[in-house]
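Peer 1: How does the following fold in three dimensions:
(3 chains)
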Amino acid sequence: MPELPEVQTVVNDLNKKIKGDVVTGFSTVFEKAIKGSSLAEFKKKIIGRKILGARRMGKNIFIDLSEGKTLYLHLKMTGHLLVKPKTIEKEDYFSDRVNQYIRHSWALQDKKGRIKNLEFSDMRKFGKIILTDTEKIDQLPEISGLGIDAMDEKFDLKKFQEILARRKNTPIGLILMDQALIAGIGNIYRSEILFEAGVSPERKVSFLNEEEIKKIFSWIKKTLTKAIKLRGTSDSDYRDTSGAPGGFQKVLKVYRRAGKKCKKCATMITRMKMGQRSVFSCSGCQK
DNA sequence: AGTTGTGTTGAAGA
DNA sequence: ATCTTCAACACAAC
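Peer 2: A predicted model of the protein is given here:
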């Protein structure tokens, strides 16, 4: 699932691969993903614009275009972006078995005249696309309610303590996932962060001591940094822009390891539901 | 073969 | 208000 490290990997790839290219076309087989404008309007406004660069806020992707427009994308659960060199687009392209989940495709042309495709593969069709004014991205409802980005330099221990002070009665496992408080952490990394910090996801904020808060904070940064370095977790659907998996799934300590032995203390990893989602933890390592 | 689990997020219900 | 549940959707695994 694309969380902060996966989205960062995609953004880095896009900046290497398609910055400076011009959008020459767009086609979709799932029009519903495009919000806020009709397909015709979307196409008209996007074609001819140059890609200035890509960036992200939490799990949200922005591709800035020339003349003040920005393409907003959210990969949700199963979305991933692929960049492919392409000469001719076959008619049956979308129905090719290997590409069965490609819902949207942007035709691009680089400075040397080479044609490329930027493709949005999205099995579950939860992904979202919005074309907006660059200066108005903060006004998107998807962005305006977002908490501070977990990898933002301004997200420091003090800021973390301030966030916690506002939600004393909430289990820490829910805090880490709440995009309105801290943006970027999802289900995989909340379990991993709390395992490393040695704190049970169920522990309420008011019962965390100073030492534990410091540990959790530092493992947020450490875990995400390591995951970015390993190009994200490809537990199931996530792939990078070349279609290749990341590497963090090889070093997961608790996520999706219920019933298996803890790598640190050999206690059985357990799974519970928290906020409708599975949290994994080790009762031996996490108190 | 029907049911359940999968996870992101906004919306609806309590 | 804040919490919980559901719906969007496809598919694998029971």
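Peer 1: contacts, neighbours, all on C-alpha from now
Peer 2: Fine.
Peer 1: near DNA strand B, which residues of the stretch 151-287 of chain A?
Peer 2: A:179, A:186, A:187, A:188, A:256, A:276, A:277, A:278 (C-alpha under 7 Å from any atom of the strand).
Peer 1: again, 6 Å this time
Peer 2: When proximity is defined as C-alpha under 6 Å from any atom of the strand, the stretch 151-287 of chain A approaches DNA strand B at A:179, A:186, A:187, A:188, A:277, A:278.
Peer 1: Might you report the residue contacts of the second one?
Peer 2: With contact set as C-alpha atoms under 8 Å, 6 or more residues apart in numbering, residue A:186 has these partners: A:3, A:4, A:176, A:177.
Peer 1: one more time with 6 Å, if that's ok
Peer 2: A:3, A:177 (C-alpha atoms under 6 Å, 6 or more residues apart in numbering).
Peer 1: Which helix in chain A has the most residues?
Peer 2: If you go by DSSP state H, chain A has its longest helix at helix A:210-229.
Peer 1: going on from it, what's the next piece of helix or strand?
Peer 2: Counting by DSSP states H and E, the next helix or strand C-terminal to helix A:210-229 is strand A:269-274.
Peer 1: Please name the strands paired to that following strand in the sheet, noting orientation.
Peer 2: strand A:277-282 (antiparallel) (DSSP bridges).
Peer 1: if I read this right, residue A:248 contacts residue A:235, doesn't it?
Peer 2: No. With contact defined as C-alpha atoms under 6 Å, residue A:248 does not reach residue A:235; the gap is 8.6 Å.
Peer 1: Counting neighbours, which bits of the longest helix of chain A end up buried?
Peer 2: Buried residues in helix A:210-229, counting neighbours by 16 or more other C-alpha atoms under 10 Å, are found at A:213-221, A:223-225, A:227-228.
Peer 1: can you list those residues in JSON lines and add distance to residue A:129 and pLDDT?
Peer 2: As requested, the buried residues of helix A:210-229 are exported to JSON lines (distance: C-alpha to C-alpha, whole Å; pLDDT from 0 to 100):
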{"residue": "A:213", "distance to residue A:129": "37", "pLDDT": "95"}
{"residue": "A:214", "distance to residue A:129": "37", "pLDDT": "96"}
{"residue": "A:215", "distance to residue A:129": "37", "pLDDT": "96"}
{"residue": "A:216", "distance to residue A:129": "34", "pLDDT": "95"}
{"residue": "A:217", "distance to residue A:129": "32", "pLDDT": "95"}
{"residue": "A:218", "distance to residue A:129": "34", "pLDDT": "96"}
{"residue": "A:219", "distance to residue A:129": "32", "pLDDT": "96"}
{"residue": "A:220", "distance to residue A:129": "29", "pLDDT": "95"}
{"residue": "A:221", "distance to residue A:129": "29", "pLDDT": "96"}
{"residue": "A:223", "distance to residue A:129": "29", "pLDDT": "95"}
{"residue": "A:224", "distance to residue A:129": "26", "pLDDT": "95"}
{"residue": "A:225", "distance to residue A:129": "27", "pLDDT": "96"}
{"residue": "A:227", "distance to residue A:129": "26", "pLDDT": "94"}
{"residue": "A:228", "distance to residue A:129": "24", "pLDDT": "95"}
